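>>> Any chance you could fold what I've pasted below:
(chains A and B)
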There are 2 protein chains.
Amino acid sequence: MNVASLIEYPELLNSYDGFPKDVVQRAKELLAEIGSIGAYTHSQGIPIVRKRIAQFINGRDGFPADPDSIFCTAGASEGVKRVLDLLISKESDGIMIPIPQYPLYTASITLCGGRAVPYYLDESSNWDLTERELEKSLKNALEQNTDVKALCIINPGNPTGQCLSESTMKSIVKFCRDNKLVLLADEVYQANIYRPSEYPFHSFKKILKSMGAAYESVQLISFHSISKGLIGECGRRGGYFECANVNQDVKDLLYKMASVSLCPPAQGQVALELMVNPPKPGDASFELFQKEQSDIYESLKRRSQKLQGAFNEMEGVCCNPAFGAMYLFPKITLPETAIQKAKELNYPPDEFYCLELLENTGVSFVPGSGFGQQPGTFHFRSTFLPPEETMDTFIKNIKEFHVEFMAKYK
Amino acid sequence: MNVASLIEYPELLNSYDGFPKDVVQRAKELLAEIGSIGAYTHSQGIPIVRKRIAQFINGRDGFPADPDSIFCTAGASEGVKRVLDLLISKESDGIMIPIPQYPLYTASITLCGGRAVPYYLDESSNWDLTERELEKSLKNALEQNTDVKALCIINPGNPTGQCLSESTMKSIVKFCRDNKLVLLADEVYQANIYRPSEYPFHSFKKILKSMGAAYESVQLISFHSISKGLIGECGRRGGYFECANVNQDVKDLLYKMASVSLCPPAQGQVALELMVNPPKPGDASFELFQKEQSDIYESLKRRSQKLQGAFNEMEGVCCNPAFGAMYLFPKITLPETAIQKAKELNYPPDEFYCLELLENTGVSFVPGSGFGQQPGTFHFRSTFLPPEETMDTFIKNIKEFHVEFMAKYK
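Presented below is the predicted three-dimensional model:
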């Protein structure tokens, strides 16, 4: 993020020699394009930033991207909200969302005055998604006269950490075409992939475009962010969405909506440029950058495995591996007495467990009831983000609490 | 904004001596409070920033402010949209807005699915606001079964540049109390006041609190921003709103809505802190800061007067002075042939004039029809922001164009 300080204070470009040469060069280039970090940018995003995003998408997928179909946003969440706002115009409009699901979706759909149409991920097969489940969910919604507008997929999953296979993704695209649904692809964890040979990340843009002309009617909007990945620059609020197969008049409306907020944060856009255009071999900062990225990546992978292992050693806890993202979402079988106690206190049982954990250890898990879960089951979400050197203590504390909790309510 | 570069790259705190001492001190303090500019902050805003905003409000008004009633936002516009989203829950919900008006309001009300309830500012008395006009507007709305929720005031006015007097403001507060309306005070131009002795800025918070216990039922939400004033750091997206006399359950809902977007941009919040807590006498950067502020202020004032004078010299153009804000909004009497020509081309006449100006001079005015105006009248909005050394050429080009336009369509 050294480029950011140079953009903040261009005088440093000449008066301070603590930055690598390519960082100075990049800051000069960006400054020349955007003029000042303190000024409004184009409402859709700085042109050079959108151009670099398009190049990144093209390089990732092997299919071209158009800078004019890309919208920079204040984090992916602003993009999701704006697109849902566009899609939902009456109370009966529905959006299909996964359960469990990052609650941005249920919250935004409620705010927009529409209906969440849930489909369930299959915990017994590593949170996979089946066409049959999508069909069941859609059928239910139609029976309630819901006008289903779009299907939302979170891949890699939050809170569930699964990575969809190519064949599942193709069946999803087909499902959208057959049912005239807009496909919303939340792909903010695309750089957090921990078993790339078995479960690689595929973008929906690539899958859709590889399916040929017969699927050109499927409108796809995909979201990405600087808040995740290996950079995690979430406080800057940077994200983008790309529209594919979306008509110009719809993009015009999205632009109009963007311009009400004037522009996304300039700093977040600069960070977006860094994310999609990282240092290249030969650049002065390449080696350091590679080392930092790879250290973070390897550590996240180790932490994810360690924590998953620990959960599976705990009585009544069963945890799928995280193939992607930053979370584990174990199922917990709670003793009947604990469930009873929770009811007395007017908490969902998993919330009661999480509150007890918080009080006793200072560790914060998010109860599964916040994400949705199969009725009668209980879960919690934990990140695997605590610093690696603290993981042993972290795990020890959780385990001790868990043993006591289970003993108390057995 | 040197603090921003130090926060970006804390290593500079020790390795670069190009910054004034108080700047380094402030950066250290803020860094200690917020940890990292790259991380999510509190959804309502960084606690130290909200504390400083509360101190600023207290110092400005002489009445205390509560940091927990302050919400940092990505520019004032995000705050306005969020509050309107909260207020509007059905199609018949109405928000009173001034005409002419910065179109954020009409756009957001439309997006939220409510009704704009217009009241007119009186051009013949420097865009003043009368209670009679408010009553007329409310009566009209009630006759259409509009459920009027709130009254929005832009003070100083955009695009109209007026500053409300204390007595007018008191009558507005009374009007809100008598009609159970939430008062929305858009005060983003509070630092752009060009005739402070005749037309000083008063905050609605101060006026409301000075009116005593009988007015404690009036709920006020006031908006401010880093995008205007003499700093104009609009690309960073920083703003806040303060709730006064607003129930805790409403603030809880606003907090819930804020948390859907996770947090406002950290950089914008840091800039907010700088705005509300500028260098003080004795600080190393005080003199430079004062000089820059005063240079910008004096220049804006000169430019505003020069441009107003120029407009009033133009045939058929009549322009009120700007007591505040950054705009002039002259009325233009267009020749009948020009109006006819515009109709043929399917443009509102003032838009036709502005397009012709843009094409012939490269100068962009915004047509009055974008802000709303009394039927049958035409206006345009111009900023007085072009650099002072270019003002003569700027004015010369406009005048030449105008003479030719009037001659052509006479």
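>>> Next up, the contacts around A:Arg177.
A:Arg177 is in contact with A:Ala214, A:Tyr215, A:Ser217, A:Val218, counting by CB atoms under 8 Å, 6 or more residues apart in numbering or on different chains. Glycine gets a C-beta too; all of them are placed from N, C-alpha and C.
>>> So the residue lying closest to the first one once chain neighbours are set aside, which state does it fall into?
Counting by CB to CB, 6 or more residues apart in numbering or on different chains, A:Ala214 lies nearest to A:Arg177, which is 7.8 Å off, once chain neighbours are set aside. For A:Arg177, the secondary-structure state derived from DSSP: H, G, I helix; E, B strand; the rest coil is helix.
>>> Apart from its neighbours in sequence, what residue is nearest the residue most central in space within chain A?
The centroid of chain A falls nearest to A:Val188 when counting by CA atoms, centre = their mean (3.5 Å). The shortest distance from A:Val188 to any non-neighbouring residue, by CB to CB, 6+ apart, is to A:Ser225 (4.2 Å).
>>> for that neighbour, which residues make a bridge with it?
A:Gly239 (DSSP bridges).
>>> isn't it right up against A:Gly75?
Yes. At 5.9 Å, A:Ser225 and A:Gly75 qualify as touching, with contact defined as CB atoms under 8 Å.
>>> Name the residues contacting each of those two.
Overlap of the contact sets of A:Ser225 and A:Gly75 (by CB under 8 Å, 6+ apart) consists of A:Cys234, A:Gly238, A:Gly239.
>>> Looking at these, which is nearest chain B?
Using CB to the nearest CB, A:Cys234 comes nearest to chain B of those, at 4.9 Å.
>>> and that closest one, what is it in contact with?
By CB under 8 Å, 6+ apart, the neighbours of A:Cys234 are A:Gly75, A:Ser225, A:Ile226, A:Ser227, A:Lys228, B:Gly38, B:Ala39, B:Tyr40, B:Leu262, B:Cys263.
>>> Would you mind confirming that the third one makes contact with A:Tyr240?
No. With contact defined as CB under 8 Å, A:Ile226 and A:Tyr240 do not form a contacting pair (9.2 Å).
>>> Please enumerate the shared neighbours of the two.
Taking CB under 8 Å, 6+ apart as the criterion, A:Ile226 and A:Tyr240 both touch A:Leu272.
>>> Would you mind giving the contacts of A:Arg177 as TSV with pLDDT and secondary structure added?
Converted to TSV, the contacts of A:Arg177 look like this (pLDDT from 0 to 100; DSSP: H, G, I helix; E, B strand; the rest coil):
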residue	pLDDT	secondary structure
A:Ala214	95	helix
A:Tyr215	97	helix
A:Ser217	95	coil
A:Val218	98	coil
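>>> In contact with A:Gly324, which residues?
Counted by CB under 8 Å, 6+ apart, A:Gly324 has contacts A:155-157, A:161-163, A:189-190, A:192-194, A:199, A:201.
>>> Is it possible to get the residues you listed out as CSV so that each row also shows distance to B:Leu254, neighbour count and secondary structure?
What follows is the contacts of A:Gly324, written out as CSV (distance: CB to CB, whole Å; neighbours: other CB atoms under 10 Å in any protein chain shown; DSSP: H, G, I helix; E, B strand; the rest coil):
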residue, distance to B:Leu254, neighbour count, secondary structure
A:Asn155, 32, 26, coil
A:Pro156, 32, 28, coil
A:Gly157, 30, 29, coil
A:Gly161, 32, 28, coil
A:Gln162, 35, 27, coil
A:Cys163, 37, 27, coil
A:Tyr189, 29, 24, coil
A:Gln190, 33, 22, coil
A:Asn192, 32, 25, coil
A:Ile193, 37, 18, strand
A:Tyr194, 38, 22, coil
A:Tyr199, 40, 19, coil
A:Phe201, 37, 19, coil
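>>> Excluding chain neighbours, what is closest to A:Pro10?
A:Pro10 sits nearest to A:Leu31 (CB to CB, 6+ apart), 6.0 Å away.
>>> So that neighbour, which state does it fall into?
The three-state label given to A:Leu31 by three-state DSSP is helix.
>>> What is the burial count for it?
Number of residues near A:Leu31 (other CB atoms under 10 Å in any protein chain shown) recorded here: 17.
>>> In contact with it, which residues?
Taking CB under 8 Å, 6+ apart, one finds A:Leu6, A:Ile7, A:Pro10 in contact with A:Leu31.
>>> next one: A:Glu78
Contact analysis of A:Glu78 by CB under 8 Å, 6+ apart lists A:Arg237, A:Gly239, A:Ser261, A:Pro264, B:Ser261.
>>> so which strand or helix has the fourth one?
Remark: A:Pro264 resides in no helix or strand, with elements defined by DSSP states H and E.
>>> Just among the contacts of A:Arg177, which is most surrounded?
A:Val218 (22 neighbours).
>>> pretty sure that one is touching A:Asn245, no?
Yes. A:Val218 lies in contact with A:Asn245 (CB under 8 Å); the separation is 6.0 Å.
>>> which residues do the two both contact?
A:Leu208.
>>> still on that earlier bit, drop the exposed ones from the contacts of A:Leu31 and show what's left.
Burial by neighbour count, judged by 16 or more other CB atoms under 10 Å in any protein chain shown, picks out A:Leu6, A:Ile7 from these.
>>> how deep is the closest residue to A:Leu262 other than its chain neighbours tucked in, by neighbour count?
In space, and not counting its chain neighbours, A:Leu262 is closest to A:Tyr40: 5.6 Å by CB to CB, 6+ apart. When neighbours are defined as other CB under 10 Å, A:Tyr40 has 15 of them.
>>> hang on, A:Ala325 packs against A:Asn192?
Yes. The pair A:Ala325 and A:Asn192 passes the contact test of CB under 8 Å, sitting 5.4 Å apart.
>>> joint contacts of the two?
Jointly contacting A:Ala325 and A:Asn192 under the rule CB under 8 Å, 6+ apart are A:Pro156, A:Lys228.
>>> What parts of the stretch 251-400 of chain A come near chain B?
Contact residues, the stretch 251-400 of chain A versus chain B (CB under 8 Å from any CB of the partner chain): A:Lys256, A:Met257, A:Val260, A:Ser261, A:Leu262, A:Cys263, A:Pro264, A:Pro265, A:Ala266, A:Gln267, A:Gly268.
>>> my read: the third one touches B:Tyr105, true?
No. With contacts defined as CB under 8 Å, A:Val260 does not count as touching B:Tyr105, sitting 10.0 Å away.
>>> higher neighbour count, those two?
Remark: of A:Val260 and B:Tyr105, B:Tyr105 carries more neighbours, 24 against 19, as counted by other CB under 10 Å.
>>> Burial check on the nearest residue to A:Leu104 once chain neighbours are set aside, number of neighbours?
Distances taken as CB to CB, 6+ apart put A:Ser77 closest to A:Leu104, at 5.4 Å, once the chain neighbours are dropped. For A:Ser77, the neighbour count with other CB under 10 Å is 24.
>>> mind listing the helices in the stretch 101-250 of chain A by residue range?
Taking DSSP state H, counting those that start in this stretch, the helices of the stretch 101-250 of chain A run over residues A:104-112, A:131-143, A:166-178, A:204-210, A:248-260.
>>> Just give the number of residues close to the closest residue to A:Asp85 other than its chain neighbours.
Distance criterion CB to CB, 6+ apart; nearest residue to A:Asp85, sequence neighbours excluded, is A:Cys112 at 5.3 Å. A:Cys112 has 21 neighbouring residues, counting by other CB under 10 Å.
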